[in-house]
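Peer 1: model this:
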Amino acid sequence: MRQHDYRSHRQSTRAFAQFRCTDDVALGGQYGGPKKTVFITDVSTGIGYGAAREFSKQGYRVIGTIRQERDATLLREECGENFFPFLLDVTDQKKTENLPEALRQQFGELHLNGLINNAGIAKAGPIQYQELSEIREQFEVNFFGMKGRI
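Peer 2: Below is the predicted model of the structure:
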């Protein structure tokens, strides 16, 4: 596990500790059914990282967005064969508008059983001391980023 993720991973794992999959279909089909699929934005660190690990471990196919290619290899190793990295910056309007088609091209016809829109940033401090560009960036990621894309 990456050193800088330890505390946030521990907290997010606790949050998902009580979630247990009881649906055999979700676990890959003891009865021949398909795996359930969860789409999670920003799985590189924190809650998204913990959610991706837990859902993967429980047998879900997890499509997780990352912003940097180097995270793909690390996450694939840590989350296993159920994890599929997807390079995406939620502030790139063109890429988010084309997201449904890009997912179809990479994964075929896809039914999502869950969506965790986890991508977000926080700029701490009183608003009067923040630059307008920082405020706009926060709204782009947290509010407009995935609005109406999936």
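Peer 1: and the gap between the spatially closest residue to N82 that is not a sequence neighbour and Q138?
Peer 2: Among residues not flanking N82 along the chain, S56 sits closest, at 4.2 Å (CB to CB, 6 or more residues apart in numbering). C-beta here means a position set from N, CA and C on the backbone, and glycine is covered the same way. According to CB to CB, to the nearest Å, S56 and Q138 sit 29 Å apart.
Peer 1: Looking only at neighbour counts, state which of these two leads.
Peer 2: Taking neighbours as other CB atoms under 10 Å, S56 and Q138 compare with S56 leading, 23 against 15.
Peer 1: Keeping just the C-alphas, turn the regular element (helix or strand) spanning the more buried one into PDB.
Peer 2: Per DSSP states H and E, S56 falls inside helix 46-57. What follows is helix 46-57, C-alpha atoms only, in PDB (Å, rounded to 0.1, in the frame of the first residue of the first chain):
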ATOM      1  CA  GLY A  46      -8.700   8.500  -0.200                       C
ATOM      2  CA  ILE A  47     -12.300   7.300  -0.300                       C
ATOM      3  CA  GLY A  48     -12.300   6.400  -4.000                       C
ATOM      4  CA  TYR A  49      -9.200   4.300  -3.500                       C
ATOM      5  CA  GLY A  50     -10.800   2.500  -0.500                       C
ATOM      6  CA  ALA A  51     -14.100   2.000  -2.400                       C
ATOM      7  CA  ALA A  52     -12.300   0.600  -5.400                       C
ATOM      8  CA  ARG A  53     -10.400  -1.900  -3.300                       C
ATOM      9  CA  GLU A  54     -13.400  -3.100  -1.400                       C
ATOM     10  CA  PHE A  55     -15.700  -3.500  -4.300                       C
ATOM     11  CA  SER A  56     -13.000  -5.300  -6.300                       C
ATOM     12  CA  LYS A  57     -12.300  -7.600  -3.400                       C
END
